[in-house]
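Engineer: got a sequence here, can you model it:
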Amino acid sequence: MRMADLQDSFIRVLNHLENTITASHIAAFPVLCWSPSDDVTKVLEEIAKDRLDFSHVPIRDTKGHVTWLARREDLNEKRGQLIDHAMLFEERHVVDSSRPLRDTLRLLRDQGVLLVRSPESGHPDGISGIINHADVQKTPVRLLLFTQITEIEARLRNRLNRERWEEDPVCAAFVERANSQRRDPEGRLPLINHLNMRQLMHLVRTRKIQLLPELSEDKFTNRAKELTAIRNDIAHTNDFGCSGGANPLDTIEAVNRAFALVDETISAVVRLDQTD
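Structural biologist: Numbers count the residues shown, from 1 in each chain. Model prediction:
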């Protein structure tokens, strides 16, 4: 960590969060495993009955080690023993329960499922939990993203409060928009508080403040829209990064993309304070 980062209380808190929220905070415990000889129809019925949102089915051998994985979608309309439709389990499918969440999400992007190893497992291989695409919508993931997005909004407002933007004719449309959205008839809140994330970013651009100057106008507009959509999905507990017909890896990739966008934007906003 650089000295400039140490001087920024939010960066210190964010680093702490990213190192203390781990794979264990989004994993499903305990992971339900089956045996090689289990009947496929029975397995699918058990999954449906328990409403398990697992994309993969772990299979333990007689010594208590997870040795195979079956993809749930590969079991549909299949018959016979589970082992007939399984692939060999690999170490790349395992993550330690103490692995930081952000690293875990990056690993998940490559294969769509991770089995979680922890000292409390009770099994010879230590495997006790599972993470798949459904788990990227859980509160710890939302917490990290929303923390950063909220900080972006707060810093943009603070930066714009140092500008006389309300008196600038170029910003008249923003003044009008903020007044129309005002839910504070007595005017106790600053006008800037009535602009959303997308509007704040565009106001910064209008004031020629150097936020993400490397982005073209169109790419900056898309960034503002994407960040606003992520913020609203998280705030309203909608699934984010999902679209109709999206497969699990698409969802995981979308969540990782959301983190990348938010990371890049918060870094740019922090730099505004450092260069002023």
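Engineer: what ranges do the strands span in the protein?
Structural biologist: Per DSSP state E, the chain has strands spanning 56-60, 66-71, 87-88, 94-96, 113-117, 127-132. These are given in chain order.
Engineer: distance to Leu212 and mean pLDDT for those strands - can I get that in JSON lines?
Structural biologist: Yep, even glycine has a C-beta here, placed from its N, CA and C like the rest. As requested, the strands of the chain are exported to JSON lines (distance: least, CB to CB, whole Å; pLDDT from 0 to 100):
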{"stretch": "strand 56-60", "distance to Leu212": "38", "mean pLDDT": "93"}
{"stretch": "strand 66-71", "distance to Leu212": "40", "mean pLDDT": "94"}
{"stretch": "strand 87-88", "distance to Leu212": "43", "mean pLDDT": "94"}
{"stretch": "strand 94-96", "distance to Leu212": "33", "mean pLDDT": "96"}
{"stretch": "strand 113-117", "distance to Leu212": "33", "mean pLDDT": "95"}
{"stretch": "strand 127-132", "distance to Leu212": "32", "mean pLDDT": "94"}
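Engineer: mean neighbour count and distance to Glu226 for those - can I get that in CSV?
Structural biologist: Compiled in CSV, the strands of the chain are given as follows (neighbours: other CB atoms under 10 Å; distance: least, CB to CB, whole Å):
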stretch, mean neighbour count, distance to Glu226
strand 56-60, 23, 30
strand 66-71, 19, 30
strand 87-88, 10, 35
strand 94-96, 18, 28
strand 113-117, 23, 26
strand 127-132, 23, 24
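Engineer: now do the helices in the stretch 1-150 of the chain.
Structural biologist: Taking DSSP state H, counting those that start in this stretch as the criterion, the stretch 1-150 of the chain contains helices spanning 3-6, 9-20, 40-49, 72-75, 101-111, 139-161.
Engineer: picking that back up, dump the strands of the chain into a markdown table; add distance to Leu211 as well.
Structural biologist: Conversion of these to a markdown table gives the following (distance: least, CB to CB, whole Å):
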| stretch | distance to Leu211 |
| --- | --- |
| strand 56-60 | 42 |
| strand 66-71 | 43 |
| strand 87-88 | 47 |
| strand 94-96 | 35 |
| strand 113-117 | 36 |
| strand 127-132 | 35 |
